[in-house]
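Asks: only the shape, not the letters, is given here:
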C-alpha cells in the first residue's frame, strides 16, 4: 500500500463522469488529482493531509486548491490538484481521480463557518416519550434541505447498553440548521437513573423542547425535567406532543395539553402562550407527508426560530468552559468537551484547568473542533472540544473548568439563599437540619456537600426559604451568583432562589 497515514484508505482509481458518484457523497470526502500522481507523492500528500484539514479555509468549498502541501518542483509539475470537495457533481470528467476515504473519527472534515447565529437546544421529558426518535426525525428532515446530516436512532443512542435497553443514558449532541440559525441539539436521558447526565445536558441549553406522549400524558420525569429546566435557568420551552397518532380520543389529547400548560405555568413559564406542536416523531422519521409527520417537524423548527430568544452572549469576559466529558483520541491526545460559558478562545492560547483537585493545571489549547469541524476561534455559546497539550485523560474530569480568568480560585465553602422544595413540587416530605448531606450540582459538577443552617434556623421545612452555608467535599470554581441545585435519593430537594451565592 502507498504508506498512507492511518485513517486514510485508497478506494479506487478511475474515471467518473460529471454528476457521477453521487452515492459517495454521503460517505466519503473526495481528494481529486490526476492519474499521474506518483506513489511517493501520494504518501507525502496524505501524511500532510491532517495539517491541511486543520488549517485550510477552503475545505468543503468549491474553490481552487493551489497549495495542498509543499511540493518540490518536479512533483509540482507532475501533480494536477483540482478540488478538495464533498459534492461529486464538480468532478472533471476528463481526468482520472484518486478517491480517498477519510476516517471521520480521526480527522476533522471541514472548517466551521459562522454564517448564522448559534443556539443550543435539546429534548427533555419522560423516558420512552420519544425524545431520541424526535431528534433523529429532526436531523432527517433537515438533511433533505441540505441543512444537516441524518443521524438515525442507533447513531444517537450508540452505546451497547443504550441499544440493549432502548433508553438514552448519556446526553448526545447533534447539529443541524434552519433558515435562521445553526443549532447544537442535546438529546437528554429521561430515565430516573441517569438524571445526572440530564442535568449536565440541560445546563448547556438556551432553550428546550419538552416531549410529552399524548398517549401517556404527564409522568414523573416530565415534571422533574420542567423543574430542573427552571432551576438551571432555561427561560423558553416548546412542547412537542408526540404519539398523537395513537390517540383516537380528542378529549384526551386536549386534557393532556391542559395539564402540561398548567405544569409549565406552575413553574413560572408562560403556559398559556407556549407553542404546542402535535405530531408523531416516528411518522416524521418514516417520511410520512401527513399533518402529523414531516410537517410537524417543520412547525417545530419554525417555533424554535421564532419563540426561543437568542441569548446575550458574554463574549467580552475572559474565557470559561465547564468540562462535561474527557476523550482520549488515538494519535492526537486528550480532548475536553463542553459549552463555552463566556469569552473566546483561540488555538495556542494558554489556559488553566481548575476544580476537583487542590492545584490548578496549566496547559495550552492546541486544537478546537465543533461537530468535527475545526475553528480558529470559539466563543460563548459554542459546544466544542479542545485539544490540551501534555494532558493525560486521568489528569482531568467532568466538573472541572478550563479558563483564562486571571488568578481564578476554587472554593470548598460558600453561602447562599435556598428554597426547599415541597413534596408536591418533587421535593422531600420531611424537614432537615444542619449538616444534612445531599449532592450539589454546579455547572457540570456533582459532589457531596454539607448544608449548614444559620444559627437562627434550627430546621429547614419543605417550602421554606433559608440562608445557609454549603461545604463541598471537593473544591470547585464557584463564582458569585452561580446557580446550583441540591439532590438526594432521585429528588431535587432545594435550589438557589435569588442567585445571591456568596463566597466565604
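Replies: Thanks, I have the structure now. As the structure is a prediction and not an experimental result, all values here were calculated from the model. Numbers count the residues shown, from 1 in each chain.
Asks: correct me, but residue 285 touches residue 139?
Replies: No - using CB atoms under 8 Å, residue 285 makes no contact with residue 139, being 9.5 Å away. Every C-beta, even on glycine, is put in place using the N, C-alpha and C of the backbone.
Asks: residue 286 is in contact with residue 141, correct?
Replies: No - using CB under 8 Å as the test, residue 141 is too far from residue 286 to be in contact (11.6 Å).
Asks: in terms of neighbours, single out the busier of those two.
Replies: Applying other CB atoms under 10 Å to residue 141 and residue 286 shows that residue 141 carries more neighbours, namely 24 against 12.
Asks: against residue 212, how distant is residue 258?
Replies: Using CB to CB, to the nearest Å, residue 258 is found at 12 Å from residue 212.
Asks: what is residue 370 paired to in the beta sheet?
Replies: residue 373 (DSSP bridges).
Asks: spit out the contact partners of it.
Replies: Contact analysis of residue 370 by CB atoms under 8 Å, 6 or more residues apart in numbering lists 112, 184, 378, 382, 383, 384, 385.
Asks: so residue 258 and residue 212 - more neighbours on which side?
Replies: Neighbour count, other CB under 10 Å: between residue 258 and residue 212, residue 212 has more, with 25 against 11.
Asks: who does the more buried one bridge with?
Replies: Counting by DSSP bridges, residue 212 forms beta bridges with residue 241.
Asks: residue 491 now?
Replies: residue 488.
Asks: any idea how far it lies from residue 229?
Replies: Taking CB to CB, one finds residue 491 at 16 Å from residue 229.
Asks: okay, the two: which has more neighbours?
Replies: In this comparison of residue 491 against residue 229, neighbours counted by other CB under 10 Å, the higher total goes to residue 229 at 24 against 18.
Asks: touching, that one and residue 237? I think so.
Replies: Yes - counting by CB under 8 Å, residue 237 is a contact partner of residue 229 at 6.4 Å.
Asks: which neighbours do the two share?
Replies: residue 208.
Asks: could you check how far residue 366 is from residue 427?
Replies: 45 Å.
Asks: likewise for residue 440?
Replies: Counting by CB to CB, the gap from residue 440 to residue 427 is 15 Å.
Asks: kindly report the same for residue 252.
Replies: 30 Å.
Asks: who's more crowded, the two?
Replies: Applying other CB under 10 Å to residue 252 and residue 427 shows that residue 427 carries more neighbours, namely 21 against 13.
Asks: export the contacts of residue 370 as JSON lines, with columns for neighbour count.
Replies: Below are the contacts of residue 370 laid out as JSON lines (neighbours: other CB atoms under 10 Å):
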{"residue": "112", "neighbour count": "22"}
{"residue": "184", "neighbour count": "23"}
{"residue": "378", "neighbour count": "24"}
{"residue": "382", "neighbour count": "22"}
{"residue": "383", "neighbour count": "21"}
{"residue": "384", "neighbour count": "22"}
{"residue": "385", "neighbour count": "22"}
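Asks: go ahead and confirm residue 476 touches residue 408.
Replies: No - using CB under 8 Å, residue 476 is not in contact with residue 408; the gap is 11.3 Å.
Asks: in contact with residue 255, which residues?
Replies: Contact criterion CB under 8 Å, 6+ apart gives residue 217 as the residues in contact with residue 255.
Asks: pLDDT score assigned to the residue nearest to residue 395 when sequence neighbours are not counted?
Replies: Nearest non-adjacent residue to residue 395, counting by CB to CB, 6 or more residues apart in numbering: residue 361, 6.4 Å away. pLDDT recorded at residue 361 is 94.
Asks: before we move on, what about residue 502?
Replies: pLDDT at residue 502 comes out at 65.
Asks: if you count surrounding residues, which of residue 476 and residue 408 has more?
Replies: Ranked by neighbour count (other CB under 10 Å), residue 476 and residue 408 place residue 476 first, with 26 against 16.
Asks: give me the pLDDT for the residue nearest to the more buried one when sequence neighbours are not counted.
Replies: Nearest residue to residue 476, sequence neighbours excluded (CB to CB, 6+ apart): residue 355, at 5.0 Å. Model confidence at residue 355, given as pLDDT, is 90.
Asks: count of neighbours near residue 355?
Replies: Residues near residue 355, counting by other CB under 10 Å: 29.
Asks: in contact with it, which residues?
Replies: 399, 400, 401, 410, 445, 474, 475, 476, 477.
Asks: next one: residue 259
Replies: Counting by CB under 8 Å, 6+ apart, residue 259 touches 217, 218.
Asks: ramachandran angles for it?
Replies: Per-residue torsions, residue 259: phi -60, psi -40 (degrees, to the nearest 10).
Asks: and it, how far is that from residue 214?
Replies: 11 Å.
Asks: no more questions from me, cheers.
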